[in-house]
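> could you work out the structure for the sequence below:
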Amino acid sequence: MLLIDAKDISFSYQKKEVLKNINFELHQGDILSLIGKNGCGKTTLLKVLLGIYKSKADIKILSKNINEYKNKELAKLISYIPQTHQIPFDYTVFDVVLMGRLAYLNLFSNYSQNDKQLAIKNLEKVGILHLKDKIYSQISGGERQLAFIARALTQNAKIIFMDEPVTGLDYGNQLKLLKFLKELANEGFTFVKTTHYPDHALYASNKVMMLKDGKVLDYGLVGNKLTVKNINKLYDVNVEIISKENYKFCIPKI
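Have a look, this model is predicted:
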């Protein structure tokens, strides 16, 4: 199923053009990694796709132009997990996950029993049901990421955007999170995530888009496009890509 069909995405901050003619498609179950140097436009692209930044591009979500959706309609299709997320009040983890149902509430309605059961189900799904009564601000970075994924699932979003999802996580939690994204993709969830790590794109993505100076350096299946040559063009470094037991990873070439 084609979820996103984006054509001619360009965007400028005042007179500085930061995205130039971006085109891509995203199907159900895809995990697309956006990679490139700092300032190449990765986060800006996410915000254009979310409708936060307005662009004259032709962006269709489920065959409907993004500008034709009301905010609540779009919130039922797309969820956003930012790089850092601070909650200003002492909400519990359960409260934060339950907020995923806000798009389904009327102005004066309260959460239903079904909403609460869905939040519990997704806390259990991501493995943090035991944290449901903990104060969100007092749990670890990895646990917060899982809580926000549970919130996205509770939101029932078909597409989940993640900005640097492994930021602040230790190595073990990075791998656990990436493995979990692959499992969710196999269930039909779809992800667009930014990353600084080609290794993570090789491990957890089936598609990659490499951005350089706001333009697409290359885009397509990760096994075909995330090559030694492209990594050198993108980061100005020499690497070797090693394959072992169906897993690829980069090592510096000295």
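
> show me where this structure has strands.
Assigned by DSSP state E, the strands in the chain fall at 2-13, 16-27, 31-35, 58-61, 64-65, 78-81, 159-162, 190-195, 207-212, 215-221, 239-244, 247-252.

> can you put those in JSON lines and add mean pLDDT?
Formatted as JSON lines, the entries for the strands of the chain read as follows, by pLDDT from 0 to 100:
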{"stretch": "strand 2-13", "mean pLDDT": "93"}
{"stretch": "strand 16-27", "mean pLDDT": "92"}
{"stretch": "strand 31-35", "mean pLDDT": "96"}
{"stretch": "strand 58-61", "mean pLDDT": "92"}
{"stretch": "strand 64-65", "mean pLDDT": "92"}
{"stretch": "strand 78-81", "mean pLDDT": "90"}
{"stretch": "strand 159-162", "mean pLDDT": "93"}
{"stretch": "strand 190-195", "mean pLDDT": "94"}
{"stretch": "strand 207-212", "mean pLDDT": "96"}
{"stretch": "strand 215-221", "mean pLDDT": "95"}
{"stretch": "strand 239-244", "mean pLDDT": "88"}
{"stretch": "strand 247-252", "mean pLDDT": "84"}
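
> the ones you listed: which one's closest to residue 46?
Of all these, the one in closest proximity to residue 46, counting by C-beta to C-beta, is strand 159-162 (5.2 Å). Yep, even glycine has a C-beta here, placed from its N, CA and C like the rest.

> now the end-to-end length of stretch 65-81.
From the first residue to the last, stretch 65-81 extends over 22 Å; the measure is C-alpha to C-alpha, to the nearest Å.

> buried residues in that stretch?
Within stretch 65-81, the residues that qualify as buried are 66, 69, 74-75, 77-81, counting by 16 or more other C-beta atoms under 10 Å.

> of the residues you listed, closest to residue 197?
Top of the list for closeness to residue 197, among the buried residues of stretch 65-81 and by C-beta to C-beta, is residue 81 at 17.0 Å.
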